[in-house]
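> just coords:
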């Protein structure tokens, strides 16, 4: 199990770094951290060094001049107006920039001292980003300031994540009162506006504190404000993992709680925590910026990106005259964007809880091409209505057949003209994601007559439900559907046409397996019916719709229908919901009813009543029914014919008695053998 | 008693639900107050000492004013002694919970929130008008944010996967990363350079003086700051609303609606949208909190007379009375907001409305 996880993770990582955008921003962040780690070396001057009389000196880096030729050099400026601080460049006066040269002294890790800088100048300073109000080099200040700004995010996030894991974990693992208490506190902290709380805590904790402490205290305060959100997340995951069987069995084996939490539960949090970490770091950077802007964060002599944008220096006059003092802001944005994009990509790759509604763009574009190809065929055949089944003479068809042939008992489209065939499907194929992926269904053939009950059996993931969903055009955007031909009432269907899809949907009604997810919880039953009736008859009024729905509902043997029709679905039991669902499906008089494992979530007695009801209705209305289930016993008791499926392929399809008594395919035999009968013993 | 509660729960589930929410909120507020006072005691001694010093100093000033120039005798009392006496007089030497209860008694029975230590005005007087101002500002921005985010999200969902989706995603990421400070300053700079907009967010006269003119002037003044708040908040709001919408669109019931040939527009508006409203309402209280947080910077930069500026100035001047009252007020306000959201949720969602009735 752990090894699988690791390889999954590694493959995710590989594709993550192959993304150009993610790679670029990763690189930017790495550069930032390297620059900050070697700040004194990379900055040309000490960040505290004040150049006398060079207040608000404009940026003066040049790459070429006639005097010094190509290479980085500093243009000399002269102050022309001492009131408005207007600077003019001096023609022909340049200072050469020396690489790896001696400059201001600094200590390396507090161990030794050196004075080598990556680049610096001797006499006239080089201001790549200009100078601030005291004549200090802005670039040096930005590089040194990054130390605090980039680490405050890391430190703060680590503190808040530890708090979140501790408190959220406690709440999730123990539940009960502890959970209630911790969650109330978290909710509460989330409700107080962050900055207000920040100001309050800041006021209480350090009216005057030395700069070294400020850094720690500020990141502590920031993390105090940041933790409740993550704590709720951790709690939610803990709560859900706690119910998993392997945790339960570990607890029953009396494994100590600490071991369970650290060995078995925490590993599930890694990806979530990584994502949450990378989302919260920019928030900390922004928090520090806001505090320092207000003059309550980092103050001189310490320097951070936020303090460079301090309120005292950032007034309208100075910004419009010396716009380069906004430069630290660019770095904040860059760091923020990098972290955000990194987080977004990390989430896309690591979050197992994402429910993809739209697949990758690739799949939809290929689908378009495919549909163009297929559009031509049914059109051509429209004229020849007498031969509903075209012969398999196209090259593509033959190719596919060769691929599919694996057992000779797949029914051939014998063109034996079922005149009463309602629906006939040939070579339905379906794959999720991009086309190269494993197909969820391939070479699926099916015919169904009026009044017939077709059972489809197979283990989960064998493509039973998916085939029906694909036929109804319900997997648009999610999967790519291909087919050779679909005939509904002897008319060819092209699933790329809205009209044809609507035709399929009007003839085929679908009932879903999970009662708790098959309805809109906010809409009462009568509205569901009204809405469905209005599809066919837009002018139907409420009373008529009510009467008709009552009629169908009473058919489904629901008692007290009159008063319950205004109820919401959550007020019904699973069996009742399934009955209402079937009634809804019957509302517009379909020809085929697809019952997709509708009794899986129900108990055995309810299962029997509902199945009996269904069969009864189908016979009286002469409807066809497609009954999907993994339970071959259930299907055997209701179906006229049975199709057995495995791994997206049709294994065999024959009369019920033949399948049950003389199965040809080995898989069918296994299925039949795996049935549990009353009196069976598990070990036999 | 218990059975009576059960009857109430059965007969009027909504009343029961709402009163339970209100009760829990009140107890939370009570605990918050306790925490605030506890923190003040826990914190390094300066803050209480400073407070006592300020009060003592003011008392001294008062006596000087009252007794004219003859107050020189006041100087004789040593400072520590003075602080100790003042602390004793104000009850600051007692444990924090006793201080808290006496504060509660003062507020609720004597209806006195105390005085500002700096401007010497009653705190209630200072807070009342600013509270309304802040509330108006944030409610407007909450509504704009909600409406526009929903419109855009619905449009994007209707379009399916498109380029607009990707572009908006990138814009949202960038907007999220821009510090509010920088953004608002740039907007102010824009106003100053072009002269199209005023650089302050509040008209230079009061509503009471010329109501009509105020109503005309206010939107003009508030537009730019509001734009800043809007752009600052739109990224995350839209992202979450879009996630709620996509979450709903991926649910099986949408598939079943489609299988019954319900039109896409109807699915989008009367099902997916309505359902994604619920998680949004739940989170809107937190959103309002973050809006207040953001408006603090906004108010300071555009000198808008709201709670934020008041708190900021009080923090700088160490005016602890105002800071405490302010934080309590803002929490009360947001707790009321949460209760309103909960009530709204009960009206929107039948599962909450009927949950207790069925139980």
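Nice, thanks for sending it over. Quick caveat, the model's predicted, so the values are computed rather than measured. Numbers count the residues shown, from 1 in each chain, chains lettered A, B, ... in the order given.
> C-alpha from now on. contacts and neighbour counts both.
Fine.
> Could I get the contacting residues of residue B:222?
Contacts for residue B:222 were tallied using Cα atoms under 8 Å, 6 or more residues apart in numbering or on different chains; they are B:201, B:202.
> Same check on residue A:131?
Each residue near residue A:131 by Cα under 8 Å, 6+ apart is listed here: A:54, A:55, A:56, A:57, A:58, A:59, A:137, A:138, A:325.
> if I look at it, how far off is chain B?
Here the distance between residue A:131 and chain B works out to 19 Å (Cα to the nearest Cα, to the nearest Å).
> can you check residue A:273 too?
To chain B, residue A:273 is 19 Å away according to Cα to the nearest Cα.
> and what of residue A:239?
When distance is defined by Cα to the nearest Cα, residue A:239 is 20 Å away from chain B.
> Tell me the buried residues in the strand or helix carrying that residue?
Secondary structure here is read from DSSP states H and E; on that basis residue A:239 sits in helix A:211-242. Under the neighbour-count criterion of 16 or more other Cα atoms under 10 Å in any protein chain shown, helix A:211-242 has A:211, A:214-215, A:217-239, A:241-242 buried.
> what's the answer for stretch B:283-299, then?
Of the residues in stretch B:283-299, those buried by neighbour count under the rule 16+ other Cα under 10 Å are B:284-299.
> what comes into contact with it?
Counting by Cα under 8 Å, 6+ apart, residues outside stretch B:283-299 touching it are A:190-196, A:290, B:134, B:138, B:141-142, B:180-181, B:184, B:201, B:225, B:229, B:233, B:304-309, B:334, B:337-338, B:341.
> For residue 258, what is the enclosing helix or strand?
Picking chain A for this. Using DSSP H and E, the element containing residue A:258 is helix A:257-259.
> meant chain B actually
helix B:252-259.
> Looks like residue A:28 contacts residue A:338 (just checking).
Yes - with contacts counted by Cα atoms under 8 Å, residue A:28 reaches residue A:338, the gap being 7.3 Å.
> and these two? which has more neighbours close in?
For residue A:28 versus residue A:338, the count of surrounding residues by other Cα atoms under 10 Å in any protein chain shown is larger for residue A:338: 25 against 16.
> Now do the residue nearest to that one when sequence neighbours are not counted against residue A:345, distance only.
Of all residues not flanking residue A:338 in the chain, residue A:25 sits nearest, at 5.0 Å (Cα to Cα, 6 or more residues apart in numbering or on different chains). Using Cα to Cα, to the nearest Å, we find residue A:25 at a distance of 11 Å from residue A:345.
> Same question for residue A:148.
Counting by Cα to Cα, the gap from residue A:148 to residue A:345 is 26 Å.
> So if I had to pick from the two, which one is more boxed in?
Under the neighbour definition other Cα under 10 Å, residue A:148 and residue A:345 were set side by side, and residue A:148 has more, 22 against 18.
> Buried residues, the host helix or strand of that one. List them.
Secondary structure assignment for residue A:148, by DSSP H and E: helix A:138-174. Taking 16+ other Cα under 10 Å as the basis for neighbour counts, the residues of helix A:138-174 that come out buried are A:138-165, A:167-173.
> now check it, is it near chain B?
No - between helix A:138-174 and chain B, judged by Cα under 8 Å from any Cα of the partner chain, nothing touches; the nearest distance is 12.8 Å.
> Following element in sequence after that helix, please.
Moving toward the C-terminus from helix A:138-174, the first helix or strand encountered (DSSP H and E) is helix A:176-191.
> between the contacts of residue A:131, which is closest to residue B:191?
residue A:325 (18.9 Å; Cα to Cα).
> just the angle between the helix holding residue A:148 and helix A:176-191, please?
150 degrees (axes from the mean of the first three to the mean of the last three Cα atoms, to 10 degrees).
> And for residue B:227, the neighbour number?
Applying the criterion other Cα under 10 Å, we find 15 residues in the vicinity of residue B:227.
> Just confirm it is within a helix.
Yes - the assignment for residue B:227, made by DSSP: H, G, I helix; E, B strand; the rest coil, places it in a helix.
> Residue A:444 sits in which helix or strand?
Using DSSP H and E, the element containing residue A:444 is strand A:439-449.
> And that strand, what's buried?
Residues of strand A:439-449 classed as buried under the neighbour-count rule (16+ other Cα under 10 Å) are A:439, A:440, A:441, A:442, A:443, A:444, A:445, A:446, A:448, A:449.
> Then stretch B:202-212?
Buried residues in stretch B:202-212, defined by neighbour count with 16+ other Cα under 10 Å: B:202, B:203.
> With stretch A:254-269 instead?
Along stretch A:254-269, these residues count as buried under the neighbour rule (16+ other Cα under 10 Å): A:260, A:261, A:265, A:266.
> from the chain's centre, how far out does it sit?
Centroid separation for stretch A:254-269 versus its chain: 26 Å, with Cα atoms, centre = their mean, to the nearest Å.
> Contacts made by it with the rest, please.
In this structure, residues lying in contact with stretch A:254-269 by Cα under 8 Å, 6+ apart are A:234, A:237, A:238, A:241, A:247, A:250, A:251.
> any weak-confidence spans in the chain?
As the question left the chain open, I've gone with chain A. Residues of chain A meeting the criterion pLDDT under 70: A:1-19, A:205-212, A:350-419, A:433-437, A:477, A:676-684.
> sorry, should have said chain B
Judged against pLDDT under 70, the low-scoring parts of chain B cover residues B:1-2, B:43-50, B:57-78, B:90-91, B:161, B:354-359.
> How about the secondary structure of residue B:314?
Reduced to three states with three-state DSSP, the structure at residue B:314 is helix.
> For chain A, see how far away it is.
Shown here: residue B:314 relative to chain A, a distance of 9 Å by Cα to the nearest Cα.
> OK, contacts around that residue?
B:320, B:322, B:323.
> Please apply the same query to residue A:472.
For residue A:472, the contact set (Cα under 8 Å, 6+ apart) comprises A:501, A:504, A:505, A:508, B:259.
> Please report how far it lies from residue A:508.
Relative to residue A:508, residue A:472 is positioned 8 Å away (Cα to Cα).
> related to what we said a few turns ago, among the contacts of residue B:314, which are within reach of chain A?
Of the residues in the contacts of residue B:314, proximity to chain A by Cα under 8 Å from any Cα holds for residue B:323.
> just the contacts of residue B:314 now: which is nearest residue A:70?
So of those, ranked by how close each gets to residue A:70 (Cα to Cα), first place is residue B:323, at 58.9 Å.
> Tell me where the stretch 51-200 of chain B has helices.
For the stretch 51-200 of chain B, applying DSSP state H, counting those that start in this stretch gives helices covering B:79-90, B:96-108, B:123-159, B:163-177, B:180-194.
> Can you tell me which of those helices is nearest to residue A:558?
Of all those, helix B:123-159 sits nearest to residue A:558, with 37.0 Å by Cα to Cα.
> who does the closest one touch, helix- and strand-wise?
Using 3 or more Cα pairs under 8 Å, 6 or more residues apart in numbering or on different chains; DSSP states H and E as the contact criterion, the secondary-structure elements in contact with helix B:123-159 are helix B:211-249, helix B:274-301, helix B:307-316, helix B:320-348.
> centre of the chain versus the shortest one, how much separation?
Here the centre of mass of C-alpha atoms in helix B:307-316, compared against the chain's by Cα atoms, centre = their mean, lies 14 Å away.
> That one to helix B:123-159, inter-axis angle?
Here helix B:307-316 runs at an angle of 130 degrees relative to helix B:123-159 (the same axes, to 10 degrees).
> Spell out which residues of the stretch 101-250 of chain A are next to chain B.
Counting by Cα under 8 Å from any Cα, the residues of the stretch 101-250 of chain A near chain B are A:188, A:190-197, A:199-200, A:203-205, A:207.
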